[in-house]
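Peer 1: the following block contains a protein sequence and its predicted model.
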Amino acid sequence: MSIELSLISIGMPLYNAEKHIRQSLDSLLRQTHMDFEIIVSDNCSTDGTFEIIQEYATRDVRIKAFQQPENAGPILNFQFVLQQASGKYFMWRSYDDWSDDNYLETLGQLLDSDSSIDLAVANIVKVSEIEEKPIQLDIANTTGSHSFSCALHMLKVSHPGWMYGLFRRQVALKAINDVVKNFPHVWGWDHLILFPTVSRNRVGVSNKTQFFQRETGISNSRYRPRLPKEQISLATDFYRVCQRSYQSSNASLIAKFAMTIYLLKYTSSKTEKFTRILRIALKLRKPSAG
């Protein structure tokens, strides 16, 4: 049964999505909470993606289709769909992911009932060609707590799939605007979208619904930096964005100092491990035989 939630906006930034887009859209159109809009932005696909979107849009007025005049890259396309949103709550959805039919309803209820959280997430099932791997996270004891130890725990267990949870729209907008302005990379940007909310312990999780995230390896092959110089630039910018975000929070001075130290470890785990950068650099410096 649908509940009396405010309008939920769903943003779908797409590029060459024809293989899986029908499954993802069908999952959304089956949602038990039906008061939503789907904002689709095709980033100049070279396949039949936009034709499929137009087909769905003619059948359901909740789907709003846009086609970019040129490929602006993934992050600006993610920002675009959010800028078009009008709902109280907002959710990004990738073209190759799907969720249980009660996903919007369950996460919307969680946000409605708890003002101490800005992001509602579900258990994640990672799907590859050969297996499904459930990832269940219990953060009930940390939600709403302002202790530094709880903030560290939240950061340690946070998953990039949480980016496809349900945000309070203004919180997501502030986060992505900051990333667009200060982080000129694609690899690792999902963790930066989550960092302001996660580090402030403002995430709630529900075990009553699931999110299915398909693993394709496309991001790793397309966006992960390969050279030490690129990796160092990525890690430096990542650290600076996190540090500035936490320094603007209402955490204590001691917590802010401790976070400054911890962010070195966090940056290494979420971008490129510093030991890996060093190994690659040493390998490149080694003289070739002969």
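Peer 2: The structure has been received and is ready for your questions.
Peer 1: using the three-state scheme, assign R244.
Peer 2: Classification of R244 by DSSP: H, G, I helix; E, B strand; the rest coil places it in helix.
Peer 1: so what's it closest to, chain neighbours aside?
Peer 2: N182 (7.8 Å; Cβ to Cβ, 6 or more residues apart in numbering). All C-beta atoms are positioned from the backbone trio N, CA, C, and that covers glycine.
Peer 1: how near is that neighbour to T260?
Peer 2: From N182 across to T260, the span is 17 Å (Cβ to Cβ, to the nearest Å).
Peer 1: neighbours of the residue nearest to R244, how many?
Peer 2: 13 (other Cβ atoms under 10 Å).
Peer 1: and for G48?
Peer 2: Other residues within reach of G48 by the criterion other Cβ under 10 Å amount to 14.
Peer 1: just checking, it touches A17?
Peer 2: No. Under the criterion of Cβ atoms under 8 Å, G48 lies out of contact with A17, with a separation of 9.4 Å.
Peer 1: buried sites along stretch 250-263?
Peer 2: 251, 255, 258-259, 262-263 (16 or more other Cβ atoms under 10 Å).
Peer 1: what about S268, which SS state?
Peer 2: Strictly by three-state DSSP, S268 counts as helix.
Peer 1: state the distance from it to A235.
Peer 2: 7 Å.
Peer 1: of the two, which one has the most company?
Peer 2: Remark: of S268 and A235, A235 carries more neighbours, 22 against 17, as counted by other Cβ under 10 Å.
Peer 1: L264 sits in which helix or strand?
Peer 2: Assigned by DSSP states H and E, L264 belongs to helix 253-270.
Peer 1: let me see the mean pLDDT of the strand or helix carrying Y56.
Peer 2: Using DSSP H and E, Y56 sits within helix 49-59. In this model, helix 49-59 has a mean pLDDT of 97.
Peer 1: next one: stretch 206-222
Peer 2: 83.
Peer 1: which helix or strand lies directly C-terminal to the helix or strand N123 falls within?
Peer 2: Take DSSP H and E as the rule and N123 turns out to sit in strand 119-127. The C-terminal neighbour of strand 119-127 among helices and strands, as given by DSSP H and E, is strand 132-135.
Peer 1: show me where this protein has its strands.
Peer 2: 8-14, 36-42, 63-67, 89-92, 98-99, 119-127, 132-135, 166-168, 203-214 (DSSP state E).
Peer 1: hey, least reliable of these by pLDDT?
Peer 2: Among the strands of the chain, strand 132-135 carries the lowest mean pLDDT (a mean of 71).
Peer 1: pairing partners for that one, with directions?
Peer 2: Neighbouring strands of strand 132-135 in its sheet, by DSSP bridges, are strand 119-127 (antiparallel).
Peer 1: what residues of the partner strand count as buried?
Peer 2: Buried-residue list, strand 119-127, by 16+ other Cβ under 10 Å: 119-127.
Peer 1: can you redo those residues as JSON lines with distance to F78?
Peer 2: Shown next, in JSON lines, are the buried residues of strand 119-127 (distance: Cβ to Cβ, whole Å):
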{"residue": "L119", "distance to F78": "16"}
{"residue": "A120", "distance to F78": "19"}
{"residue": "V121", "distance to F78": "17"}
{"residue": "A122", "distance to F78": "20"}
{"residue": "N123", "distance to F78": "23"}
{"residue": "I124", "distance to F78": "19"}
{"residue": "V125", "distance to F78": "22"}
{"residue": "K126", "distance to F78": "21"}
{"residue": "V127", "distance to F78": "21"}
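Peer 1: which of these lies closest to V81?
Peer 2: L119 (17.2 Å; Cβ to Cβ).
Peer 1: how about the closest one, what does it touch?
Peer 2: Residues near L119 by Cβ atoms under 8 Å, 6 or more residues apart in numbering: 162, 165-168, 171, 194, 197-198, 202-204.
Peer 1: please redo it, this time with the cut-off set to 10 Å
Peer 2: 89, 91, 107, 110-111, 162-163, 165-168, 171-172, 175, 193-194, 196-198, 202-205 (Cβ atoms under 10 Å, 6 or more residues apart in numbering).
Peer 1: among those, the buried ones, what's the PyMOL command?
Peer 2: Command for PyMOL, covering only those of the contacts of L119 found buried under the criterion 16+ other Cβ under 10 Å:
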select buried, resi 89+91+107+110+111+162+163+165+166+167+168+171+172+175+193+194+196+197+198+202+203+204+205
